[in-house]
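Asks: Need a 3D model of the sequence below.
(chains A and B)
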Amino acid sequence: MMKRNVLNFRNTVLFRCLALVLTVMTCMACIPSQVFAAGEQTVTIRVCSWEEYIDLGDWDEEELIELESDEIIGIRPMVDEFEEWYYETYGIRVKVDYSTFGTNEDLYNMLKIGDVYDLVCPSEYMVMKLMAEEKLVPLSDAFFDEEDENNYYSRMVSPFIKEIFDEQKINGESWSRYMAGYMWGITGILYNPEEVTREEASSWKILTDPKFRRRITLKDNVRDSYFAALGALKADLLTSEEFRNDPEYPRRLEEEMNDISPETIAEVEEFLKEAKDNAYSFETESGKADMITGKAVANLQWSGDGVYTIDQAEEEDFELEFTVPEEATNIYFDGWVMLKSGVEGHSDRQHACEAFINYISRPDNVIRNMYYVGYTSVIAGNEEDTRIFEYADWSFGAEEDEEDTIDYNVGYFFSGDEEDEDYVITASSEQLYKQLFSQYPDAGALARSSIMVCFDDAANERINQMWINIRCMSIEDVPPGIWAVILIAAAACILLLIRRRIRS
Amino acid sequence: MKFSRKALGIPYYIFLLVFVAAPLAVIIVYAFTNGQGHFTAVNFIGFFTDPNTLGTLCYSLAIAIVTTVVCLLIAYPTAYILANSNIKAKAVILMIIIMPMWINFSLRVTALKEVLSVLEGNLAFYPFFNTVLGMTYDFLPFMILPIYNTLSKLDGSLLEAAADLGAGKASSFIKITLPLSLPGIVSGVTMVFLPSMTNYVILDMLYNSTYIMGSLIGSYFSANNWHAGSMIALILLLIIGLFSLFTGSLTDDAAESKGGALL
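Replies: Below you'll find the model as predicted:
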């Protein structure tokens, strides 16, 4: 009797506590954040981007970037400065809830389980997926109005980037309607010129070259590895004169580099298994340090991280170079998109989101972010505002007394004209394989660049399965040593059990 | 209302409900459903028919077994010496064992990586060895401390009695010390074996590019296949449950033999 009372008591208290917790949680979720700032009319936007992908300020004084037309330094976090700028410009208080994600897939999963964001910055293929699933809100017409002084993005985005964003379509709508670019880059090989020749680094076949056994790193993600494998497998076709001179070359290249037929996937699997046996590691971050310490002599690398690693190596008097294989390179973009789940029906939030994109596209802010992050912004500036070009020249241009120099034309990016004399950087000739090339690859390298599209679910499943096949040990391949260990352990357990039975 | 001592457990029950029961229920639901939310046994059958899952299970088991055995072989003598040393030395040795635990494990493994790089030249050639070494390094204190605990509480009069009755050092160790320290060994083994089957961070940091169970679950999740991932997690849980039952029965054994060994 006593016992039952206790049980009842426990149950009721348990229930009350639970009910209380649940009520409090529901109440908190129901109160919109605006209520706390009643009267002030604060708009809150929830922004989610990559880690370390926006200037947090706090630079040393000697980090001041002295350009001809401006001096730039990051003192405070850009997000804080945006909040002030927005109030000064539009008279509305805005609060930015800034958070970060680790991978595109993580972001997608976060959205899937119900996290709500207004503005996110995934890579192009994730944008394509979100577009296809109709989860995005298009940028407003006002955003594209080039008459508006504050529309820095539309006024200053590189024509090279704009063309790609206009041409690429999902469901008949071009990317540019939904996505405002942020940073872009290409994949290539970062290598140690003392150990690896330029010829060797100029082919994706280096990944299986036994000469560099266990001294070359791969990316721990299926898309980059898949692209590299395709490049190596199709090397003969991709480098043939006939293919190169085909008037349809860009379209055919994109087709070949997005080949997901079952036969190709099987071939890629074989290639990557070989590459795995030849690799030092699969990495996302550690490859940079391993290149600088010399543990690895070559790695599959993104151009932005290439710049960073070459910089770091130089500080230690160590030489590294970056190049793009002859076959093809993957061009990728990270871009800002607005999500329906956050923005739809809230024009004030949409306005603040678009203003945020414009604010970080203002050339001085672009330079700060580029300096801080190391990647290349999609923003180029225009004739009136050439600060971004000046910054490139400031970073990579040769000293006046330098002799061995080249004229490096980046007109394709800044004005859309490959021959534009206004956008020539006179740089030391080694920059052809160093930071300048990594930051602004030359037109020749970009001619053989291809985007990698977002595959449909069935293809993704096959490719992910392929990746698991590569990374896992198949039961057929389990070496005898491992079987022996397991069998001995199992036998020992059984013996112990039997012994116990006999004893009792 | 009369206050019952059991009411003190309420916070624990809430914790249990929210952080153990609820997630477990979610895992079970995901494991037995497909993308459309219908019941399916595909994931369950898949686990036992997919050569990769089985191979990975073998690989993880092998790593866990070898790690546990190596830990035990190092930990037992250490704990024994520790338990039998004088107070001053005890404090120093205990400090040496516990101190690495004050440092974050990723730092420790990074340091180990650098040491191994120097010793081996290129650590990518010895993935299995490095992994076992890394895990042993990381989990060793979890084996030493429970064994030390049981050994230090060992009743010295039993050993004296054994000596009086003519037992040599070896036989009194085998007949008395070892059986009585079994509970410590069991809890040490449990604490080392289970995490070393799934702790893939150590593998990643030491550049072992072959998946173990933990990384396989992770890869299914990042590939948006939460169902297959949950099934693997669930089956691992069952394996771990069976293992605990087994080791639990050994402890009962030890409790019984406490009397038996003296007779």
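Asks: Next up, the contacts around the closest residue to A:Glu61 other than its chain neighbours.
Replies: In this structure, A:Glu61 finds its nearest non-sequential neighbour in A:Ile73, 7.6 Å apart by Cβ to Cβ, 6 or more residues apart in numbering or on different chains. C-beta here means a position set from N, CA and C on the backbone, and glycine is covered the same way. Counting by Cβ atoms under 8 Å, 6 or more residues apart in numbering or on different chains, A:Ile73 touches A:59, A:61, A:63-65, A:368.
Asks: Which of these are buried? Put it as a PyMOL command.
Replies: A single PyMOL command selects the buried members of those (16 or more other Cβ atoms under 10 Å in any protein chain shown):
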select buried, chain A and resi 59+65+368
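Asks: Let's see the pLDDT reported for residue 169.
Replies: I'll assume chain A. Predicted confidence (pLDDT) for A:Lys169: 91.
Asks: that answer is for a different chain, and I need it for chain B
Replies: B:Lys169 is given a pLDDT of 86.
Asks: Who are the contact partners of it?
Replies: By Cβ under 8 Å, 6+ apart, B:Lys169 has no neighbours at all.
Asks: What pairs with the strand or helix carrying A:Met183, parallel or antiparallel?
Replies: Using DSSP states H and E, A:Met183 sits in strand A:180-191. Counting by DSSP bridges, the strands paired with strand A:180-191 are strand A:298-302 (antiparallel), strand A:321-323 (antiparallel), strand A:329-339 (antiparallel), strand A:376-377 (antiparallel).
Asks: Which positions in the third one come out as buried?
Replies: It refers to strand A:329-339. Under 16+ other Cβ under 10 Å, the buried positions of strand A:329-339 are A:329-339.
Asks: and these as JSON lines, adding pLDDT and distance to A:Arg499?
Replies: Below are the buried residues of strand A:329-339 laid out as JSON lines (pLDDT from 0 to 100; distance: Cβ to Cβ, whole Å):
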{"residue": "A:Thr329", "pLDDT": "96", "distance to A:Arg499": "64"}
{"residue": "A:Asn330", "pLDDT": "96", "distance to A:Arg499": "60"}
{"residue": "A:Ile331", "pLDDT": "96", "distance to A:Arg499": "66"}
{"residue": "A:Tyr332", "pLDDT": "95", "distance to A:Arg499": "61"}
{"residue": "A:Phe333", "pLDDT": "95", "distance to A:Arg499": "65"}
{"residue": "A:Asp334", "pLDDT": "96", "distance to A:Arg499": "62"}
{"residue": "A:Gly335", "pLDDT": "96", "distance to A:Arg499": "66"}
{"residue": "A:Trp336", "pLDDT": "97", "distance to A:Arg499": "67"}
{"residue": "A:Val337", "pLDDT": "97", "distance to A:Arg499": "65"}
{"residue": "A:Met338", "pLDDT": "97", "distance to A:Arg499": "68"}
{"residue": "A:Leu339", "pLDDT": "97", "distance to A:Arg499": "62"}
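Asks: Take the contacts of A:Ile73 and lay them out in TSV including secondary structure and pLDDT.
Replies: What follows is these, written out as TSV (DSSP: H, G, I helix; E, B strand; the rest coil; pLDDT from 0 to 100):
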residue	secondary structure	pLDDT
A:Trp59	coil	92
A:Glu61	helix	90
A:Glu63	helix	90
A:Leu64	coil	92
A:Ile65	strand	92
A:Arg368	helix	95
